[in-house]
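Asker: sequence and computational prediction follow.
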Amino acid sequence: MNPSVSVVIPVYNRFELLRYSVESVLRQTVPVSEVILVDDGSFDGTSELLPRYIDENTAWRERVRYFHQKNQGAAAARNLGIAQAKGEWLAFNDNDDLWLPQKLEWQFRALERFKDRCGACFTDAWFMNNPYMKMTLFQLAGRKHSEPIGMIPDTLAYMVDRGTVSGVHAVWVQTLLARADLVRRVGGFDPKLRCFEDDDFLFRLGCETSFCFVSMPMVLIERTPPEERHLGASRNWDQVEFRLRMKQYRFEKRLQMGGRLPQGIREATRRDLSAVHSGWANWFLEKREYERAREAVTEAARFHLTPGIAMKWALTRFAPTLARKAVWVRAEHRSRSNFGIE
């Protein structure tokens, strides 16, 4: 197998960290054909330093291509990279994450074994720079795979099932390797999403092909606490209202796929939308907008009625100040038990 691989890395500041990320990709035991860096409007000098560094570094000059765009978000940056990519296979990394040298080698072993069914492969990963995340990605997601490589029987169910405390699934875009034609067939990343765009993309990719996996950690994912990691436009992530709006759009979009999705996936999506509207109710309660809170919790019940939603509906209708206090107590508990995932 002599594959051609294009690796797309969206760039947003952090020139010093980016250098290590690119080097980890260039040092793969299965050599990549090209690394495409898309600068999404860096403001810390990266836009000036990076082209110069590529030009002065022979190893980079041969395989690293640089593009610049005004700030439009990671989705738009990755889409530009996808449009420019020449490889038969596409992989993605972030500008502060590292690949272990045998990542692609192990992924192609898995893809070769399941070549008749799988057009994409993901790996486990370690987290770094966060004392609360001394675990692998699979462990965080509650996934146990005893074999070094394998195939996921139901990719969509695997990604939708988030029954762990962390609320995350085990497929992250930094660990992905996929056929380029499949990535383009699903339309790449949705630029309307300024967060969760990777989850939306992976779900749509899972509608087109089965996924196989490498159960060994092959990526080191930077997880410095959000207040230190988020810069510039990425600080929007820290705003509850912003995250709720992005989640609502993502799940409504998914539900619009209708009959293309299995019944179980549609039901899970309705539960997710219920949780989003419940989150809106919390937001409005905190702002003392009680009428809007009642409307939000009614919408949550419409999508998926649970005893907890029913109780919240009753409290927002008959004792909104008590409901607001309950929301505040839960928010305090959540902040103390946060893994630093966000």
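Answerer: Thanks, I have it.

Asker: separation between Phe242 and Ala75?
Answerer: Remark: distance between Phe242 and Ala75 (C-beta to C-beta, to the nearest Å) = 15 Å. (Each C-beta comes from the backbone N, C-alpha and C, glycine too.)

Asker: neighbour count winner among these two?
Answerer: Ala75 (23 against 14; other C-beta atoms under 10 Å).

Asker: please look at the more buried one and Phe189 and confirm they touch.
Answerer: Yes: between Ala75 and Phe189 there is a contact at 3.7 Å, judged by C-beta atoms under 8 Å.

Asker: wait, doesn't Leu285 sit right on Val327?
Answerer: Yes: under the criterion of C-beta under 8 Å, Leu285 makes contact with Val327 at 5.0 Å.

Asker: so between the two, which is more surrounded?
Answerer: Comparing Leu285 with Val327 by other C-beta under 10 Å, the one with more neighbours is Leu285, at 26 against 22.

Asker: pLDDT score for the more buried one?
Answerer: pLDDT for Leu285: 93.

Asker: OK, contacts around it?
Answerer: The contact partners of Leu285, taken as C-beta atoms under 8 Å, 6 or more residues apart in numbering, are Ala293, Thr316, Pro320, Ala323, Arg324, Val327.

Asker: out of the residues you listed, who's nearest Leu220?
Answerer: Set against Leu220, the nearest of the contacts of Leu285 by C-beta to C-beta is Val327 (36.5 Å).

Asker: before we move on, the earlier item: what sits in contact with each of Ala75 and Phe189?
Answerer: Glu197, Phe201.

Asker: from Ala300, how far off is Lys70?
Answerer: Taking C-beta to C-beta as the measure, Lys70 falls 37 Å from Ala300.

Asker: oh, that last question was meant for Trp60, not what I typed.
Answerer: Distance from Trp60 to Ala300, counting by C-beta to C-beta: 50 Å.

Asker: between these two, who's got more neighbours?
Answerer: Counted by other C-beta under 10 Å, Trp60 and Ala300 do not tie: Ala300 has more neighbours, with 24 against 20.

Asker: with that, I have no additional questions.
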